[in-house]
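Participant: any chance you could fold what I've pasted below:
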Amino acid sequence: MSKKNVTRRNFISKTAAGLVGVTLSTSASAMSAASYKRIIGANDRINIAFLGCGARSSDHQSMVKTSEKRKNLGVVAVCDIWKLNKEKAAANCKKLFGTEVKQLKYSEDLLSMKELDAVMIATGDFQHAKLLAEVVKAGKDCYCEKPMAIDVEDAKLARSVVLSSKQVVQLGSQWVSDPIQKKVRDIVRSGKLGQITKIEQVWNDNNHRWHIPNDPDVAAIREEDTDWKRWLLGKPYEAFDPWKYFEFRIFRDYSGGITSQWMSHGSGLVHFYTDTAIPDSMVANGGIFGWPDIRQNPDTFQALATYDDAKFLYSYATNFANMFGDYTCIRGKEGTLFAHGGEGSSRWFYIPEHQNLPGGFDFYEGMKDAINNKKAEIITTEEYGMKLGPVNVNDNMPFHLENWIDCMRNRSVIPNGNIHTGFWHSIASIMATQAYREGKKLYWDRKKEEIVDTKPSLKDA
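Facilitator: Here you go, the predicted structure:
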């Protein structure tokens, strides 16, 4: 491994004991009084609040409910600048947990709650990094949805604040805690595949993703029931637009769309499998081909990235107008790992090379025959009953949330989706977004930590 690259494996092996304990270099008086939170004991209840109370927050609430008793969790507040979202979330918490929770409009009021230990953020893509920094500065642990950031400077801000704190942060890239994905990483690390030269992800759908033509929320909201300027959170002012408010993923100023959402998962998994960090180069193309509605971000997209030290090509593709043939493929000289299905699929196979199989592997002949004849083997774990896993895996499985909770109790352990992995997936998705929009091949300058359009020299890198 080159010394110029900080890889995931190198980082974790060298700093696991100290990351969450890093303190500010300035005096302790520079920290807010709120940061001196109570120490969470092994048996203490962890009090959680939800910041941003749309659809994904409902999933967060269900996740906490699943682990409530096993991990001794409590829910104390919901916070959303839209009155209706806040009320719906409070009602759902009452239903799930049997308790009344505080309903707050502004994050600063939420973060002033002394009894609050941790916050789960589920807001717009462009808001994540700044809100994460705000939560951590207030001395609260944080679970923040992906992407961590859609802007390089925001990504650096979040990273700086977290590393200058004692808070435990988990980014919502939940697949890095899935036992099957961990097993895949173990196989890659073992060298069983030989030299890996290419990783492909093809994850599709066939609908007007992230746009609801008759969106009931768009019809229901009134500007006076929210705070549009707060929602913009530093973005240039424009007139209130309920479509952008709710469907931010399809608008350029507020998300990369496919890159921010799905590719952030995809690139994060590539880093996870291969112990790498941030592509060296990126090209991308696509367009609005299948759904020419109000969207500004592409519905069809493909990116190609290189990881120079690891010597492999990463291919990512999504089409929202045809959902046939989703897969992930990790290609090595001695074998292949193949997942049938899209994001999060647990249906993984290992296929050795040098078998002279037609087309590499013929699924038409049937998997059972292939496995019985030792042409392939399934990848599974005890959590999946030592059986072939499903193609569609629930986003809300408990593994990732409980990893965060366990790290909150044992503060010398780094979460699986820590601040560095969040920074890495953010830069990869930002590079892809920018390469698509500018029509350029872009590079990551590791020394300056900038996206540039000229390959850095070895001397500068």
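Participant: so what's R437 up against?
Facilitator: The contact partners of R437, taken as C-beta atoms under 8 Å, 6 or more residues apart in numbering, are R252. All C-beta spots, glycine's among them, are computed from the backbone N, C-alpha and C.
Participant: so how far is the lengthiest helix in the chain off the chain centroid?
Facilitator: Longest helix in the chain by number of residues (criterion: DSSP state H): helix 419-438. A distance of 12 Å separates the centroid of the chain from that of helix 419-438, by C-alpha atoms, centre = their mean, to the nearest Å.
Participant: what's the following helix or strand after the lowest-mean-pLDDT helix or strand in the chain?
Facilitator: Least confident helix or strand, the chain: helix 8-15 with a mean of 48, by mean pLDDT, DSSP states H and E. Under the assignment DSSP states H and E, the closest C-terminal helix or strand after helix 8-15 is strand 46-51.
Participant: now do that next one, average pLDDT.
Facilitator: In this model, strand 46-51 has an average pLDDT of 98.
Participant: what lines up beside that strand in the sheet?
Facilitator: strand 73-79 (parallel), strand 118-121 (parallel) (DSSP bridges).
Participant: centre of the chain to the longest one, how far?
Facilitator: Just to be clear, that refers to strand 73-79. Taking mean C-alpha positions (C-alpha atoms, centre = their mean), strand 73-79 and its chain are 22 Å apart.
Participant: tell me which helix or strand comes right after that strand.
Facilitator: By DSSP H and E, the next helix or strand past strand 73-79 is helix 83-97.
Participant: just the helices from the stretch 351-461 of the chain, written as ranges.
Facilitator: 367-372, 398-409, 419-438 (DSSP state H, counting those that start in this stretch).
Participant: now the first one: mean pLDDT?
Facilitator: With pLDDT averaged residue by residue, helix 367-372 scores 70.
Participant: the second one now?
Facilitator: pLDDT averaged over helix 398-409 equals 97, rounded to a whole number.
Participant: from the chain's centroid, how far away is that helix?
Facilitator: Helix 398-409 sits 15 Å away from the centroid of its parent chain (C-alpha atoms, centre = their mean).
Participant: name the residues that touch it?
Facilitator: 20, 40-42, 46, 63-64, 66-67, 70-71, 73, 117-118, 141, 143, 168, 170, 172-174, 176-179, 413-417.
Participant: so what angle separates the directions of it and strand 73-79?
Facilitator: 100 degrees (axes from the mean of the first three to the mean of the last three C-alpha atoms, to 10 degrees).
Participant: dump helix 398-409 to PDB, keeping only the CA atoms.
Facilitator: The C-alpha trace of helix 398-409 is given here as PDB (Å, rounded to 0.1, in the frame of the first residue of the first chain):
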ATOM      1  CA  PRO A 398     -31.000  -3.800  13.400                       C
ATOM      2  CA  PHE A 399     -27.300  -4.500  12.700                       C
ATOM      3  CA  HIS A 400     -26.200  -0.900  11.900                       C
ATOM      4  CA  LEU A 401     -28.300   0.900  14.500                       C
ATOM      5  CA  GLU A 402     -27.100  -1.600  17.200                       C
ATOM      6  CA  ASN A 403     -23.500  -1.100  16.100                       C
ATOM      7  CA  TRP A 404     -23.900   2.600  16.800                       C
ATOM      8  CA  ILE A 405     -25.500   1.900  20.200                       C
ATOM      9  CA  ASP A 406     -22.800  -0.500  21.200                       C
ATOM     10  CA  CYS A 407     -20.100   2.100  20.300                       C
ATOM     11  CA  MET A 408     -22.000   4.700  22.300                       C
ATOM     12  CA  ARG A 409     -21.600   2.500  25.400                       C
END
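Participant: could you give the mean pLDDT of the longest helix of the chain?
Facilitator: Averaged across helix 419-438, the pLDDT comes to 98.
Participant: residues near the spatially closest residue to G194 that is not a sequence neighbour, how many?
Facilitator: Once flanking residues are discounted, G194 sits nearest to E334: 3.2 Å by C-beta to C-beta, 6 or more residues apart in numbering. By the measure other C-beta atoms under 10 Å, the count of residues near E334 is 13.
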